[in-house]
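Visitor: quick one, what's the 3D model for this:
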Amino acid sequence: MSNKQKVRKTKKLNGFTIIELVIAVVVCTTALMGIGFVTVESQRSWTRTYTSIFSDVTTQSQVAKICFVSVIRKAQKNTLVINNAGNSIKVSYYSSSAVGKADCYARLYAADGDLYVEYGTLDPKQTTCTNTLCNNVHSCRFQQIGTSVQMIFTLNNGRQATTVATSAVMHN
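Guide: Coordinates of the predicted model:
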């Protein structure tokens, strides 16, 4: 044997076999699919959370709670009237501290799937404005517990439903 033939036999080729390449591709593909799945599920979860937080049901329920608390806090204790069905409440209040007696009223009521607040004067009795607080009202109930008043209502827009309970204390 010549020296050239000896060198050829002893020289080892470096590289990967086809089996090693296939295994590497399968492992990488599995890892990338797992990462992709986690990313997609994270995005879906974030979208669901964002939609529920900033939906019209959530926003409108917050507006209704704030208005309810505002109306009840300025109401006179002895002027509270809740209708027999429990879906309407009326209170009287002072328009300013200089007035000696209650001269204005506010009424919150649910009708035709909406929640309204109506403001007006007592003498002469006149409605000055009516605002819609929220739509898609499935149910609404008011009740008095001592000097506090509670409002429990459910909003349902067909995609999302929420029940809200809030209470406020009459200060005057």
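Visitor: distance from the chain centre to the helix ranked longest in the chain, please.
Guide: Longest helix in the chain, counting residues (DSSP state H): helix 18-53. In this view, helix 18-53 has its centroid 30 Å away from the chain centroid, taken as Cα atoms, centre = their mean, to the nearest Å.
Visitor: and the helix or strand following it, how far out from the chain's middle?
Guide: Counting by DSSP states H and E, the element after helix 18-53 in chain order, helix or strand, is helix 56-73. Helix 56-73 sits 12 Å away from the centroid of its parent chain (Cα atoms, centre = their mean).
Visitor: buried ones in helix 56-73, by neighbour count?
Guide: Of all the residues in helix 56-73, those buried under the rule 16 or more other Cβ atoms under 10 Å are 57-58, 60-61, 64-65, 67-69, 71-72. Heads up, the C-betas are built off the backbone N, CA and C, glycines and all.
Visitor: count of neighbours near Lys101?
Guide: Counted with other Cβ atoms under 10 Å, residues neighbouring Lys101 total 9.
Visitor: quick one: it is in a strand?
Guide: No. Counting by DSSP: H, G, I helix; E, B strand; the rest coil, Lys101 is not part of a strand but coil.
Visitor: rewinding a little: in the longest helix of the chain, what's buried?
Guide: Residues of helix 18-53 include none that count as buried (16+ other Cβ under 10 Å).
Visitor: could you give the angle of it to helix 56-73?
Guide: For helix 18-53 against helix 56-73, the angle by axes from the mean of the first three to the mean of the last three Cα atoms, to 10 degrees is 30 degrees.
Visitor: on that earlier part again, which of the buried residues of helix 56-73 sit farthest apart?
Guide: Within the buried residues of helix 56-73, two members stand farthest from each other by Cβ to Cβ: Val57 and Ile72, at 22.5 Å.
Visitor: can you pull the domain assignment for this structure?
Guide: Split into domains by automatic domain parsing, the chain comes to 17-53, 56-169.
Visitor: mean pLDDT added to those domains, as a markdown table?
Guide: A markdown table is the format used below for the domains of the chain (pLDDT from 0 to 100):
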| stretch | mean pLDDT |
| --- | --- |
| domain 17-53 | 90 |
| domain 56-169 | 89 |
